[in-house]
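1. Let me see the structure of the following:
(one chain, ligands or ions: 1)
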Amino acid sequence: EKGGFDHFMLKEIYEQPRSIRDCMRGRIYPEEGKVQLGGIKEFADKLKNIDRIIIVACGTSWHAGLVGEYLIEEYARIPVEVEYASEFRYRNPIITEKDVVIAISQSGETADTMAAIEMAKERGATIFGICNVAGASIPRLSHAGVYTHAGPEIGVASTKAFTAQVTVLTLMAFYMAQQRGAITTSKLIELLTELNEIPDKIQTALESNDIIKEVSEKIKDSRNCLFLGRGSGFPVALEGALKLKEISYIHAEGYPAAEMKHGPIALIDEEMPVVFIATQNSSYEKVISNIQEVKARKGKVIAIVTEGDVEVKKMADYCIEIPDANEAFLPLLATIPLQLLSYHIAVMRGCNVDQPRNLAKSVTVE
Ligand code: F6R
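-> Now for the predicted structure:
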């Protein structure tokens, strides 16, 4: 049942080239520059007039929401707010009929996310669900939605469900951009052609497994770990930190790299591994100066870099390469080595990777 892998988590990490392909199947038409999302097509006209999108979710699904915020604002030019379902529902949020609320949930059963949907619905918002489990409560509560089609996820730590959520949000961003005329067909052709290559690039990213194992060996006894990124690398850093803490029980924090100097920098010494998302995109130069700040304080730097990188390699203690891609797709690729890193560290520490202590696959309590 684990398909020759030692754990479900590892099997599910390796399934990602396929799960992402399944998620895109029948939804993207690269040659025509077209995205089709049958699940929300009834609302195609409504999308032309909405003022705002509110994304609600918990945990890893909330991290996917943060990636969605970058993509929807960048391409569809609709303002987006991302909220923890558990905070949103207990405020008195301002919601109108012109709002679309996107609820993201792998299980489709998370109690706080369900309660947030119910409140937003009462106040007149249109609810879109992004779920993995077909027929679960959240898809039933939503007005419309898009399934992630990642297949059953058994490992408690979310891996392939996360990348499928990010894929759906990418498709939604492009779909909304298309409906609102915010993007040209030629730009969509270019983006969808690249998106179509992402599953193969994930396959390439998985080939760094041996190097990641070596890095894991070096940092497995750390008591703390920082993850830093900028732009859409920031939610990737948050997700890397959550994966590490939940399965290896190492205290980890994700931060926007520029925020380091406002506090966390005080923690840096030779005992502190700092994982940077340092790929070659618009924030590359800035991230390099953040790496220098960490090295100046003797922190141990592990960097996720673009294939062929030379600059970061001069500074970092360990580099893990991922294929080059449009910045829009960076989270899909940069997440892969972080999943493997937390997996190997947890295995080396003798932790129960598939069923970490105190955690359950679906959180149906408030
Ligand atoms: C972390 C993890 C959790 C879930 C969270 C929300 O790996 O799996 O943080 O993401 O409990 O669950 P869903 O997506 O089922 O609503």
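2. What lies in contact with the helix or strand encompassing K286?
-> Using DSSP states H and E, K286 falls within helix 284-296. Contact partners of helix 284-296, identified using Cβ atoms under 8 Å, 6 or more residues apart in numbering, comprise 228-230, 233, 257-258, 260-261, 265, 268, 274, 276-278, 301, 303, 311-312, 315-316. Where you see a C-beta, it was placed from the backbone N, CA and C, and this is true even at glycine.
3. residues in contact with R223?
-> R223 makes contacts with 250-251, 271, as judged by Cβ under 8 Å, 6+ apart.
4. nope, Q165 is what I meant
-> With Cβ under 8 Å, 6+ apart, Q165 has these contacts: 61, 64, 104, 106, 130, 132, 148.
5. So which bits of stretch 205-223 are buried?
-> By neighbour count with 16 or more other Cβ atoms under 10 Å, stretch 205-223 contains the buried residues 205-206, 208-209, 212-213, 215-216, 219-220, 222.
6. whoops, stretch 128-146 was the one
-> Going by neighbour count (16+ other Cβ under 10 Å), the buried part of stretch 128-146 is 128-133, 136-139, 141-146.
7. Which pair of the contacts of Q165 spans the longest distance?
-> A64 and N132 (11.1 Å; Cβ to Cβ).
8. ok, which stretches of the protein are helices?
-> Here the chain has its helices, by DSSP state H, at 8-14, 16-24, 59-71, 85-88, 111-122, 137-141, 160-179, 185-206, 209-219, 233-248, 284-296, 330-348.
9. of all the residues in this protein, which ones are close to the ligand?
-> 58-61, 105-107, 110, 113, 157-158, 242, 246, 362-363 (Cβ under 6 Å from any ligand atom).
10. and which of the residues you listed is nearest to S186?
-> S61 (33.1 Å).
11. G108 is in contact with that closest one, correct?
-> No. Taking contacts as Cβ atoms under 8 Å, S61 lies outside contact range of G108: 10.4 Å.
12. now stretch 179-188, how far from the centre of its chain.
-> Chain-centre distance of stretch 179-188: 24 Å, with Cα atoms, centre = their mean, to the nearest Å.
13. what's next to that stretch, contact-wise?
-> By Cβ under 8 Å, 6+ apart, stretch 179-188 touches 32-35, 44, 47-48, 75-78, 174, 176-178.
14. what's the burial count for the closest residue to the ligand within the stretch 1-150 of the chain?
-> Closest contact between the stretch 1-150 of the chain and the ligand, by Cβ to the nearest ligand atom, is at G59 (2.0 Å). Residues near G59, counting by other Cβ atoms under 10 Å, number 22.
15. Spatially nearest residue to it, not counting backbone neighbours?
-> Nearest residue to G59, sequence neighbours excluded (Cβ to Cβ, 6 or more residues apart in numbering): L242, at 6.9 Å.
16. Quick one: residues contacting that neighbour.
-> Counted by Cβ under 8 Å, 6+ apart, L242 has contacts 59-60, 63, 252, 254.
17. Tell me which residues touch A257, please.
-> Contacts of A257 by Cβ under 8 Å, 6+ apart are 228-230, 233-234, 237, 276, 283, 286-287, 290.
18. and the gap between it and E271?
-> 20 Å (Cβ to Cβ, to the nearest Å).
19. Can you mark which positions in stretch 302-310 are buried?
-> Within stretch 302-310, the residues scored as buried using 16+ other Cβ under 10 Å are 302-306, 309.
20. Can you name the two of these that sit furthest apart?
-> Within the buried residues of stretch 302-310, two members stand farthest from each other by Cβ to Cβ: I302 and T306, at 15.1 Å.
21. which residues sit in contact with the residue nearest to the spatial centre of the chain?
-> Nearest to the mean C-alpha position of the chain, by Cα atoms, centre = their mean, lies A64 at 4.0 Å. Contact analysis of A64 by Cβ under 8 Å, 6+ apart lists 57, 104, 130, 162, 165-166, 169, 235.
22. circling back: out of the contacts of Q165, which comes closest to P356?
-> The nearest one, if we look at the contacts of Q165 relative to P356 and count by Cβ to Cβ, is Q106, at 15.7 Å.
23. right, and N224 touches D269 too?
-> No. Assessed by Cβ under 8 Å, N224 is found out of contact with D269, at 10.1 Å.
24. Pull the contacting residues for I130.
-> I130 makes contacts with 64, 102-105, 145-148, 165, 168-169, 172, as judged by Cβ under 8 Å, 6+ apart.
25. Pipe those residues into TSV and attach pLDDT per row.
-> Below are the contacts of I130 laid out as TSV (pLDDT from 0 to 100):
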residue	pLDDT
A64	98
I102	98
A103	98
I104	98
S105	98
G145	97
V146	98
Y147	98
T148	98
Q165	98
V168	98
L169	98
M172	98
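26. which of those lies closest to E12?
-> When those are ranked by distance to E12 (Cβ to Cβ), T148 comes first, at 12.8 Å.
27. Please work out how many residues are found near the closest one.
-> Neighbourhood size, T148 [other Cβ under 10 Å]: 30.
28. what does the one 4 residues further on give?
-> With neighbours defined by other Cβ under 10 Å, the count for P152 comes to 10.
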